[in-house]
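J.: Starting from these lines, generate the structure:
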Amino acid sequence: MTYNYLLAGENLELAEAELSGFLKSQGLDEEARRNGRLAETGSHPRQLKRLGLTHEVTEKITETDPEQLEIDYRPESSFAVRVENLSEKEIDSKDLEKEIGRKIESETSSVDLENPETMVKAYFTDEKIIIGEVVENIDRGLFSKRKNQERPFSSPISLDPVLARTMVNLSEASAGEKLLDPFCGTGGILIEAGLCGIGVYGLDIQKEMVEGGRKNLQEYGIISHDISQGDIADIDEIFEDSFDAVVTDLPYGKASVEEEKPVEKFLEFIEEFEGKTVFMYNEASVGGYEAEFSVYVHKSLTRYIYI
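T.: Numbers count the residues shown, from 1 in each chain. Below is the predicted model of the structure:
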């Protein structure tokens, strides 16, 4: 079968990279093929709700010329049709939805716009219409419920949950593997990793952050975690476990002066680390590393992701 992923439009290259890392986390070596906002795979991975920069996943039914609308498909239950215009053309989406609905309706199925058993999605591109059944609708609104201000413990500096989830997926960490955030702060990255079934370990120099991070993880049902107070230079003494991935948001500004030379210590640490490392910083290059992605935060701040 073929599956299509509707990527979030704000940063398509990053969304594509997240999907690639996610596929690897599921043990799939396949690289998604992207055309605009649609990516395509031949695999149907588990844990699709892990994705942060994907809106929905459909199982492809067919593709057709917009002028011909030849669709050899009939749903077996109640259905609704939704059109997504991914082209630069102006179209009447409602009329197209009705026309596709008439084409695929049969004696065993009927249109139900309120509670359909099958959601049929038609992606209108510049060249064709790609039609599929929705197999996963990823509610990105759930990330808003985990924003900094919604947590029991908050801090002015905290990653957006969607971005934290994206970084976890970029690390390719699988459920059951172990992920370390050596500057865990309020635990935003660890929350997203823990919700994916990944074992989470955190470290922070401030006792307040350690205690607050623990509260936050417990708030979201992540009972099994190991968050300790300490310096990144002492990781081998603090944790007995080895890690499969390191994901972190490096301290900068005021946060960076609360710990002595945190960036330098981190770069020394990852030189010896054998797993995948994903980190964010406020500069486009650091310690000989070049950022792979930039993320616009607001007019005076752009963050950079390193893999």
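J.: Skip the chain neighbours and tell me the closest residue to the residue most central in space within the chain.
T.: Among the residues of the chain, Gly52 comes closest to the average C-alpha position under CA atoms, centre = their mean, at 2.5 Å. The shortest distance from Gly52 to any non-neighbouring residue, by CB to CB, 6 or more residues apart in numbering, is to Arg165 (3.6 Å). Where you see a C-beta, it was placed from the backbone N, CA and C, and this is true even at glycine.
J.: which helices and strands sit right next to the helix or strand containing that neighbour?
T.: Using DSSP states H and E, Arg165 maps to helix 161-170. Where contact means 3 or more CB pairs under 8 Å, 6 or more residues apart in numbering; DSSP states H and E, helix 161-170 is packed against helix 12-25, helix 141-144, helix 188-195, strand 245-249, strand 276-281.
J.: which of the residues in the shortest one are buried?
T.: What it means is helix 141-144. Neighbour-count burial for helix 141-144, counted by 16 or more other CB atoms under 10 Å, picks out Phe143.
J.: how deep is the residue nearest to Gly52 tucked in, by neighbour count?
T.: When counting by other CB atoms under 10 Å, one arrives at 27 neighbours for Arg165.
J.: quick one: low-confidence parts of the chain?
T.: Applying pLDDT under 70 to the chain flags the ranges 253-259.
J.: hang on, the earlier thing: contacts for the helix holding Arg165?
T.: Under the criterion CB atoms under 8 Å, 6 or more residues apart in numbering, residues 14, 17-19, 21-22, 25, 50-53, 140, 143-144, 146-147, 159, 179, 188-189, 191-193, 196, 198, 247, 278, 280, 295, 305, 307 lie in contact with helix 161-170.
J.: and the angle from it to strand 276-281?
T.: If you take axes from the mean of the first three to the mean of the last three CA atoms, to 10 degrees, helix 161-170 sits at 150 degrees to strand 276-281.
J.: first to last residue in stretch 104-111, what's the distance?
T.: This stretch, stretch 104-111, spans 10 Å end to end (CA to CA, to the nearest Å).
J.: cool, stretch 81-92 as well?
T.: Stretch 81-92: ends 14 Å apart by CA to CA.
J.: For the closest residue to Leu190 other than its chain neighbours, give me its contacts.
T.: Nearest residue to Leu190 in three dimensions, chain neighbours excluded: Val200, at 4.2 Å (CB to CB, 6+ apart). Taking CB under 8 Å, 6+ apart, we find Val200 in contact with Lys178, Leu179, Asp181, Leu190, Ala193, Gly194, Leu217, Ile222, His225, Asp226.
J.: For the stretch 51-200 of the chain, which segments count as strands?
T.: 54-64, 79-85, 118-124, 129-137, 178-181, 199-204 (DSSP state E, counting those that start in this stretch).
J.: contacting residues for the residue nearest to the centre of the chain?
T.: Counted by CB under 8 Å, 6+ apart, Gly52 has contacts Glu18, Arg140, Phe143, Pro161, Val162, Leu163, Arg165, Thr166, Asn169, Glu192.
J.: distance of the fourth one from Ile138?
T.: If I follow you right, that is Pro161. 13 Å (CB to CB, to the nearest Å).
J.: And the strands in the stretch 201-307 of the chain?
T.: 225-229, 245-249, 276-281, 285-286, 289-290, 293-298, 301-306.
J.: Partner strands of the third one and their direction?
T.: In other words, strand 276-281. In the sheet, strand 276-281 lines up against strand 245-249 (parallel), strand 301-306 (antiparallel) (DSSP bridges).
J.: out of these, which comes closest to Leu86?
T.: strand 301-306 (25.5 Å; CB to CB).
J.: Can I get that closest one in CSV, CA atoms only?
T.: Taking C-alpha atoms only, strand 301-306 is exported to CSV below (Å, rounded to 0.1, in the frame of the first residue of the first chain):
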residue,chain,number,x,y,z
LEU,A,301,15.0,35.5,17.8
THR,A,302,15.8,32.6,15.5
ARG,A,303,16.8,29.2,16.9
TYR,A,304,18.9,26.6,15.1
ILE,A,305,18.7,22.8,15.2
TYR,A,306,21.8,20.6,15.0
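J.: who's in contact with that strand?
T.: 14, 167, 170, 277-284, 286, 289-297.
J.: With that, I have no additional questions.
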